[in-house]
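Enquirer: need a 3D model of the sequence below.
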Amino acid sequence: MALDKRPIGFERLDLEEVVHEMLTLAARGDGSGWMNVQPVVADEHRPPESPLFKLFTAKGPAVPLGTWVPGHHYRDKWQPASAGLQHAGGRHAAKLLDEQGVTEPEGWNRRQDHIKRGLVYELPEGQDPRVALVFLVDAMAQLVEFPLSGRWQAMVLTQR
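Expert: Numbers count the residues shown, from 1 in each chain. Below is the predicted model:
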């Protein structure tokens, strides 16, 4: 599958371009695109990760990865939008986030909270994608053990 990739750099208080791209993907409704979001981490703060360690550890990636997939039709059935988060925050990340004041938005259905595969949520139909973006950014900021730069990178991925 060939993908077009479009990176967008942003800060927590300047989400307009990213939200615009999310709305564009959602309007397509065909499941041919999604968005990944990660913090921009300075090299001196990036934790080392060996491929061998990743293979045998139960933890997710040290630099968290958020993913948003818009709702779409698949085989004549509606698939709701979803948001996911891979992280190295350990077990019961949803509980940890709640303790840190980052709560699941109303109407979200937690489908998974796994130590390696991360958190996955099913989102209510028609929800503003900004809600998912804010949650992912805030959650990632709480699930890291090193300083963040305040910069973020979104990668819009669409099938050709």
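Enquirer: just the pLDDT for the residue lying farthest from the centre of the chain.
Expert: Of all residues in the chain, Asp76 sits farthest from the chain's C-alpha centroid, using C-alpha atoms, centre = their mean; the distance is 26.2 Å. What the model reports for Asp76 is a pLDDT of 83.
Enquirer: phi, psi of Glu99?
Expert: Reported as degrees, to the nearest 10, the phi and psi values for Glu99 are phi -60, psi -30.
Enquirer: point out where the protein drops to low pLDDT.
Expert: Applying pLDDT under 70 to the predicted model, the residue ranges of the chain that meet it are 45, 48-59.
Enquirer: quick one, what contacts the residue farthest from the centre of the chain?
Expert: By C-beta atoms under 8 Å, 6 or more residues apart in numbering, the contact set of Asp76 is empty. Bear in mind the C-beta positions are built from the backbone N, C-alpha and C, glycine included.
Enquirer: any idea how far it is from Ala26?
Expert: Using C-beta to C-beta, to the nearest Å, one gets 19 Å for the distance from Asp76 to Ala26.
Enquirer: what do you get for Ala141?
Expert: For Ala141, the distance to Ala26 under the criterion C-beta to C-beta works out to 24 Å.
Enquirer: who has more neighbours out of the two?
Expert: The residue with more neighbours, out of Ala141 and Ala26, is Ala26; 19 against 16, by other C-beta atoms under 10 Å.
Enquirer: shouldn't that one be in contact with Pro70?
Expert: Yes: with contacts counted by C-beta atoms under 8 Å, Ala26 reaches Pro70, the gap being 3.9 Å.
Enquirer: what sits in contact with each of these two?
Expert: Joint contacts of Ala26 and Pro70 (C-beta under 8 Å, 6+ apart) are 81, 129.
Enquirer: give me the three-state assignment for Glu21.
Expert: Counting by DSSP: H, G, I helix; E, B strand; the rest coil, the backbone at Glu21 sits in helix.
Enquirer: how close does it sit to Val102?
Expert: With distances taken as C-beta to C-beta, Glu21 is found 23 Å from Val102.
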